[in-house]
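Trainee: generate a structure from the sequence data that follows.
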Amino acid sequence: MESKGNIVHAVSSNQDDIYRNLEAVVRKYVATTFLRPVAEHTRMAFEKACGLVKNFYGEDCAGSDLGPCDGGFSLVLDSGCGTGESTIHLARRFPDIPVIGIDKSMVRLTKAGNVRQLGGLQVPANAFWIRAELLDFWRLALEKVNAEEWKVLHHALYYPNPWPKESEATRRFHLHPVFPTLLRLSPVTELRTNWEIYAREFAEAARIAGDSLSLNLDVEYAIFSPGKPETAFERKYQAVGQELYRVITSCP
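Mentor: The predicted structure is shown next:
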């Protein structure tokens, strides 16, 4: 997808079907461990996120079903949140759960919570934004999940960079060493995209990786028509009549 001002172009790619080596790539990364060192600035940002979650529940959380007594602090992640509009919608959908929007761009995050996003309402008290690299943040978050300190109830991944050239395919999240981490983070992962091939690839990669990891994943792939756009991308896509796609992976 390319966007300049109000002009939105459909994804242009030299691929006409899912990546030909998808299964081999996914199985390779399922069998390996992503060992790149975590960037210090993301480690610091992650500690800030931990503090936000803990402070949200406060001192009385120990006896709550949402607190650490039931698999850790419950939260929702909005990865690649951009200007944070989707974070606000998620915070309204999960009013009693802290929702952490993550993006690497400070420029985009400075626009989070603007008047257009809020529709005359206040920023929800459970909406927070963190500047960090997603790949590193996810790995640190999975450590918390595995230690039963965090429970990520829902993980939103709306309109990631599709890296549309076939030569760039392995930069896509589902063809990257981080993909097994991504699938393990939450029992529910929701991807949205305006590129059909990306959605089909993600769904197929999730099926392959889920089976290999014994995650017992249900994978739903469908054309998606939002009743109300939850991101600037959705608003632009809807305005020009572009088809949207959604993949939801869920683990019982």
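Trainee: what pLDDT does K111 get?
Mentor: Looking at K111, its pLDDT is 88.
Trainee: right, and it touches G84 too?
Mentor: Yes. Using Cβ atoms under 8 Å, K111 is in contact with G84, at 7.1 Å. In this view, the C-beta of every residue, glycine as well, is placed from N, C-alpha and C.
Trainee: looking at the two now, which is surrounded by more residues?
Mentor: Between K111 and G84, counted using other Cβ atoms under 10 Å, G84 has the larger neighbour count: 26 against 15.
Trainee: confidence score at that one?
Mentor: With respect to pLDDT, G84 scores 94.
Trainee: show me what contacts it?
Mentor: Contacts for G84 (Cβ atoms under 8 Å, 6 or more residues apart in numbering) come out as D78, G101, D103, R108, L109, K111, A112, G113, Q117, A127, W129.
Trainee: skipping adjacent residues, who's closest to T87 in space?
Mentor: Leaving aside its sequence neighbours, T87 sits nearest to G101 (Cβ to Cβ, 6 or more residues apart in numbering; 3.3 Å).
Trainee: can you get me a residue count around that neighbour?
Mentor: If we define neighbours as other Cβ under 10 Å, then G101 has 29 of them.
Trainee: is it true that it lies in a strand?
Mentor: Yes. Judged by DSSP: H, G, I helix; E, B strand; the rest coil, G101 forms part of a strand.
Trainee: these two touch, right, it and T83?
Mentor: No. If you go by Cβ under 8 Å, G101 and T83 don't touch, sitting 9.2 Å apart.
Trainee: any residues in contact with both of the two?
Mentor: In contact with both G101 and T83: L109, A112, using Cβ under 8 Å, 6+ apart.
Trainee: related to what we said a few turns ago, so which of the contacts of G84 is the most crowded?
Mentor: Within the contacts of G84, D78 tops the neighbour count with 31 neighbours, counted by other Cβ under 10 Å.
Trainee: surely that one and T87 touch.
Mentor: Yes. At 4.6 Å, D78 counts as touching T87 under the criterion of Cβ under 8 Å.
Trainee: what's the overlap in contacts for these two?
Mentor: Common neighbours of D78 and T87, using Cβ under 8 Å, 6+ apart, are V99, I100, G101.
Trainee: E47: what's it in contact with?
Mentor: Applying Cβ under 8 Å, 6+ apart, no residues qualify as near E47.
Trainee: how much space between it and F137?
Mentor: Separation of E47 from F137 (Cβ to Cβ, to the nearest Å) stands at 11 Å.
Trainee: and if you look at R93?
Mentor: Distance from R93 to F137, by Cβ to Cβ: 21 Å.
Trainee: give me the phi and psi angles of A132.
Mentor: Dihedral pair for A132: phi -170, psi 160, per degrees, to the nearest 10.
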